[in-house]
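Q: For reference, the sequence and a predicted model appear below.
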Amino acid sequence: MPPPKRKPFKKSFKKKKNAPPTEEVFRVKTPRGREVFGIIEQRMGGSKLRVRCLDGKNRLCRIPGRMKRRLWVREGDTVVVEPWELGGDVKGDIVYKYRPNQVSWLRKRNLITEIEESDEF
């Protein structure tokens, strides 16, 4: 005796109509305390980078071990730098890397225009 034919599954739910697109809301990290904005100028090798900061100083920054595998950076990326307590004018740590849509949001709010204006090269 052949097996009974299966009935197709019934859709017991209603199809949702497409809602009108709303403005996408996302959070952007801003520097707090001693943190400053910076733009990566050069990768030095390992986890070290040369960064031009908003306060007008060039710092040799490193990517902390907790972020090494997660954080991929290139020249020209915008980052948040936390200067070290000792040698803070020369060295610092990378705290956060901004995505392109976050950089455009910061530029609209005039938070990082000073970096491009202070471009001396």
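A: Arrived safely.

Q: For the rest of this, base every contact and every neighbour count on C-alpha atoms.
A: Fine.

Q: Select the longest strand from the protein.
A: Counting by DSSP state E, the longest strand found in the chain is strand 36-45.

Q: how about stretch 85-102: buried residues?
A: 91-98, 102 (16 or more other Cα atoms under 10 Å).

Q: which intervals of the protein have sub-threshold pLDDT?
A: Low-confidence segments of the chain (pLDDT under 70): 7-16, 19, 21-24, 114-121.

Q: List of residues touching the longest helix anywhere in the chain?
A: As assigned by DSSP state H, the longest helix anywhere in the chain is helix 100-108. With Cα atoms under 8 Å, 6 or more residues apart in numbering as the test, helix 100-108 has contacts from 28, 78, 112-113.

Q: ok, and the most crowded of those?
A: Thr78 (24 neighbours; other Cα atoms under 10 Å).

Q: Identify the residues contacting that residue.
A: 37-40, 97-98, 103.

Q: where along this structure do the strands fall?
A: 36-45, 48-53, 58-62, 78-83, 91-97.

Q: Make TSV out of those and add distance to Pro20.
A: Listed next are the strands of the chain as TSV, based on distance: least, Cα to Cα, whole Å:
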stretch	distance to Pro20
strand 36-45	36
strand 48-53	41
strand 58-62	44
strand 78-83	33
strand 91-97	32
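
Q: Among those strands, which comes closest to Trp72?
A: strand 91-97 (8.7 Å; Cα to Cα).

Q: how about that closest one as CSV, C-alpha atoms only?
A: What follows is strand 91-97, C-alpha atoms only, in CSV (Å, rounded to 0.1, in the frame of the first residue of the first chain):
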residue,chain,number,x,y,z
LYS,A,91,51.8,57.5,23.2
GLY,A,92,48.2,56.2,23.5
ASP,A,93,45.7,53.4,23.1
ILE,A,94,43.1,53.0,20.4
VAL,A,95,39.7,52.7,22.1
TYR,A,96,37.2,52.7,19.2
LYS,A,97,37.1,52.7,15.4
